[in-house]
Structure formats: structure tokens, C-alpha cells
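Asks: I would like the atomic coordinates for the input below:
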Amino acid sequence: MKKTIKIVMLSFTLLITLTVFGLNNYSISAAEPTEPFTVTFVDYDGTVLKEISCNTAPCDIVPPSDPHNKENSRFLRWSVFEEDYSTLGENTEIRAIYNLDNRLVTIAGRDIVFYSFFIVMGIIVALSLGLRETERIGMKKDDLLDGFLWIVPVAILGARLWYVAFEFGSFVYGGFGESFLRVIGFKSGELDFSSFGLEGLAIHGAFFTAIILSYFYTRKKEIDVFKMLDIVAIGFIIAQAFGRWGNFFNQEAHGGLVGGMSDGIANLTIKEQFEYLRYSLHIPEFIVNNMFMANESEFVAQPGFYHPTFFYESMLNLIGFSIMLILRRVKKIYFGEIFAFYLIWYGSVRVFIETMRTDPLTFQFLGLTLKSAIVTSILMILGGIAISVFVRMKRKSETYAKSKNTFKF
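Replies: The predicted structure follows:
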């Protein structure tokens, strides 16, 4: 188990490190051609779509019609921006860029998508870390595992119901049976497993469900609830760091147009949007490319590059996770304060992220339209402060100094 955890976490860390620091330079410089040159437009698989022979620069370069040849993906743009065509002066290959396929694998005609994969990976890593921590703080592994087996499924249901509550009209309409089927994941409103999928989940619903169930479970098992909550908090934050990558592959939960808009017009050109994400923020190119939204919708004002809020949140969660690993090695930290830190840290992260999101869950209160995640996050921050004060005043002897110093990571 220990080797498995280390391999998974090391692989995830290496992936992030390589993508962040393995930067590819994107630059087009003008060149005076000394001989004729060719501009070749190619598809994702190298298939030549169009060749243009040029004798002088600038050359009249007109791209082919948008290709649509990659299964389960949409054409986004060409790898060279149109305003750079006039600077080409040598043989150049221009690639068709598609959004990433959100499928991990297809088994017997059923797609397993990355969204599900990352959620499951986050749950597995959270459980593995929790099982390693139980012995150190005087809990039994079987107690944690038993709680996990019935709390997690109900927490997922809580995440679904929380989302449905704020998108009620999108699920509950028509007959009772149709509405019920849509709520539990049958998008067509019929008992058709080809349309089944819980694509609408809200982490706050899972969190509060898990906390409530943990309270009753620990009372039944006569376990210190604050010890359990500390383990739950660490599991939640690393699971969320994994889970946000599922949003990335689905091209959802993103921020607004890079650079914003004024009077319905983008403040930056598409090239400037790309360069801001790629070179000012140093976000890996494969992430930036997938943040190009080509189809206008309720959350996409116009084609362009949108902020990868999933990436911002995932990285901040990893930072919070690292801090929590350090805190539980500090003997003066009280049981319950890791949970309190999680409430404050993640609450603050979500407030920051939700100010950028274009697809927040909202509700009406006293004539005001409020973002549910911001309201909930503020309550989490206040709750974290209150818990920290409580455990320091009422549980003065319950510190990590009592735990066995055996946890290594």
C-alpha cells in the first residue's frame, strides 16, 4: 500500500512538474526567403489537407476549410495564427488543433471518461492516505474502511442532489418518473443506460454529506470525531485536486474570456489571449490549447481562450494539501485544526475561483442573485475559524503530540 501511494503521488507530481516546466517556445519571426517555400496544412494525424507554394514573402495563404476528422473532438484552430501568415518565409507545417478527447477508454461500446477516472483516482488516493494515518492517531483501519464504504456512495449522492437543487428546472419537468430518472443520471428521462452519467456534481454537497455522516458514524463507533474529520479533510483536498482535471477534459467549469470584453468586443486578440496564458502565466501548451472555446454558448460569449480555473484550483489544492501534511507533523497542532485549516483554505480558494467562473450555481435571496459556492465558502471559512477556537479552548490536551510519530511521506 505504501509503495502504491508513493508511486501515484510521485507520478502526479511529475506530471504537473513536466507540464509546467516543459515549455515549448512558440514564435514566428519574419524571414526573407532565398528560395521558394511551401506552407503545408496538416490534420491531427499528419494527413496533408492543403499545400501552398510560395515564391516570395508575404505569400497569399488561405487555410483550408475547418477539418472535422477526429472522433469525439472538435476542431479549434490552426497552430499558426492568421496574423502571422505574412511573416512566413520558409517551409512551414501548420497543424490542426482539436480539443482533447474526454474518453479514457471504450469498453464494449461504453465510454469511460476522464471525469470519472480522476474522481475515482482521487477517492483511492484519499482512502490510501487515510488508512496510513489511522494507526498514527490511534484509530483502527477497519473503522475508517467501514465508514468509507458507506459514507462515500452517499456523499456522491449528496453531490448530485446539491447540484440538482440549484439546477432544478433542468431536471424536474414532465412526469415524475422522467424527472426522477434525470435526477439519478438518466439524461434522456428514460431507463436508457447509454444516456446514463452523473455529469452534474457539486463538491459542496459531497462535503457536507460526508461531514454529517462522519459525525453519526463516529458517535456509533465511539471515535473522536475531530480525528476523523482531519482524515476526511486531507482526503477531500487531494481528491479535489485530482477531480478538477476531469473538468478540464470536459471543457467545463472554466473562467471568463482572457482579457475580458468591452461593449461585447474582446479586449485582446486570440493570439494575445494565447500568449498571455502561455507565456505570462506559463501554463502548459496542451492546457492552453484545450481552453480555446470555439462554439458560442451560454457560458462562451465568443470564440477565444478562456481562463483554466480548473488548473488554478487544482494547483492551489495541491499547495493546501502540502501544508496540511506539514501541519499534522507539528505536535502543537490540535486534533480538528487540520479540518479547520481545510475549511479556511478551500473556502478562500473557492471564493477566488468563483469570481472568475462563468457557470456558477446561483440562487435568489431577498431579490439578490447569489453564487451558492461563494456563500457556502464564506460559511466554511467562518466555520473553520470557530472550530479552531473551540478545539484550542475546550480540547487543550488533544494535540498531535499524542500521536505516534510514524507517518512518513
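Asks: burial count for Val389?
Replies: Neighbours of Val389 under the rule other C-beta atoms under 10 Å: 11. From N, CA and C alone the C-beta is placed, and that goes for glycine too.
Asks: what about the host helix or strand of it, average pLDDT?
Replies: Element membership for Val389, per DSSP states H and E: helix 372-394. For helix 372-394, mean pLDDT rounds to 94.
Asks: Name the residues that touch that helix?
Replies: Under the contact criterion C-beta atoms under 8 Å, 6 or more residues apart in numbering, helix 372-394 has outside partners 166, 202, 204, 226, 334-337, 339-344, 346-348, 350-351, 354-355, 357, 360-363, 398.
Asks: Tell me the buried residues in it?
Replies: Across helix 372-394, burial judged by 16 or more other C-beta atoms under 10 Å covers 372-377, 380-381, 383-384, 387-388, 391.
Asks: now the strands for this structure?
Replies: 37-42, 48-54, 75-78, 92-98, 103-107, 110-113, 261-262, 265-266, 292-293, 304-305, 362-365, 368-371 (DSSP state E).
Asks: just those strands: most buried one?
Replies: Highest mean neighbour count of the strands of the chain: strand 304-305, a mean of 26 (counted as mean count of other C-beta atoms under 10 Å).
Asks: any chance of the buried residues of helix 372-394 in CSV, with distance to Asp66 too?
Replies: Output for these, formatted as CSV (distance: C-beta to C-beta, whole Å):
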residue, distance to Asp66
Ser372, 38
Ala373, 35
Ile374, 38
Val375, 42
Thr376, 41
Ser377, 40
Met380, 44
Ile381, 46
Gly383, 50
Gly384, 49
Ile387, 54
Ser388, 55
Val391, 59
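Asks: Which single one of those is nearest to Glu222?
Replies: Set against Glu222, the nearest of those by C-beta to C-beta is Val391 (18.8 Å).
Asks: Against Arg160, how distant is the closest one?
Replies: 32 Å (C-beta to C-beta, to the nearest Å).
Asks: Please apply the same query to Arg357.
Replies: 20 Å.
Asks: Please work out the average pLDDT along stretch 209-226.
Replies: The pLDDT scores in stretch 209-226 average 92.
Asks: List the buried residues of that stretch.
Replies: Across stretch 209-226, burial judged by 16+ other C-beta under 10 Å covers 209-211, 213-214, 217-218, 221, 223-226.
Asks: Most widely separated two among those residues?
Replies: Maximum distance among the buried residues of stretch 209-226 (C-beta to C-beta): 20.6 Å, for Thr209 and Asp224.
Asks: Okay, helices next: where are they in the chain?
Replies: Assigned by DSSP state H, the helices in the chain fall at 2-21, 114-134, 141-166, 168-171, 176-183, 203-221, 225-250, 270-275, 285-290, 309-327, 337-354, 372-394.
Asks: export those helices to TSV and tack on distance to Ala108?
Replies: As requested, those are exported to TSV (distance: least, C-beta to C-beta, whole Å):
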stretch	distance to Ala108
helix 2-21	27
helix 114-134	16
helix 141-166	24
helix 168-171	28
helix 176-183	22
helix 203-221	29
helix 225-250	21
helix 270-275	39
helix 285-290	28
helix 309-327	30
helix 337-354	37
helix 372-394	37
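Asks: Nearest to Leu88 among the ones you listed would be which one?
Replies: Per C-beta to C-beta, nearest to Leu88 of the helices of the chain: helix 270-275, 14.6 Å.
Asks: tell me what that closest one is packed against?
Replies: When contacts are defined as 3 or more C-beta pairs under 8 Å, 6 or more residues apart in numbering; DSSP states H and E, helix 270-275 sits against strand 304-305.
Asks: Quick check: can you name the pairing partners of the strand it packs on and their directions?
Replies: Using DSSP bridges, the strands paired with strand 304-305 in its sheet are strand 292-293 (antiparallel).
Asks: Lowest-scoring secondary structure element of the protein by mean pLDDT?
Replies: Sorted by mean pLDDT, DSSP states H and E, the helices and strands of the chain end with helix 2-21, the least confident at a mean of 53.
Asks: In contact with the spatially most central residue of the chain, which residues?
Replies: Centroid-nearest residue in the chain: Arg244, 1.5 Å away (criterion: C-alpha atoms, centre = their mean). Arg244 sits next to 118, 253, 310-311, 313-314, 317 when contact means C-beta under 8 Å, 6+ apart.
Asks: Now Gly320: closest residue in space, sequence neighbours ignored.
Replies: In space, and not counting its chain neighbours, Gly320 is closest to Trp345: 4.3 Å by C-beta to C-beta, 6 or more residues apart in numbering.
Asks: Return the per-residue confidence for that neighbour.
Replies: pLDDT, Trp345: 97.
Asks: care to break the protein down by domain?
Replies: Following automatic domain parsing, one finds the domains of the chain at 37-98, 110-255+308-402.
Asks: Present those domains as TSV; the columns should include distance to Glu275.
Replies: As requested, the domains of the chain are exported to TSV (distance: least, C-beta to C-beta, whole Å):
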stretch	distance to Glu275
domain 37-98	9
domain 110-255+308-402	15
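Asks: which of those domains sits most buried?
Replies: Across the domains of the chain, the average number of neighbours (mean count of other C-beta under 10 Å) peaks for domain 110-255+308-402, which reaches a mean of 18.
Asks: Quick check: Leu127 vs Asp224, distance?
Replies: Going from Leu127 to Asp224 by C-beta to C-beta gives 19 Å.
Asks: same question, Gly304
Replies: Distance, Gly304 to Asp224, using C-beta to C-beta: 51 Å.
Asks: ditto for Phe286
Replies: 44 Å.
Asks: That concludes my questions; thank you for your assistance.
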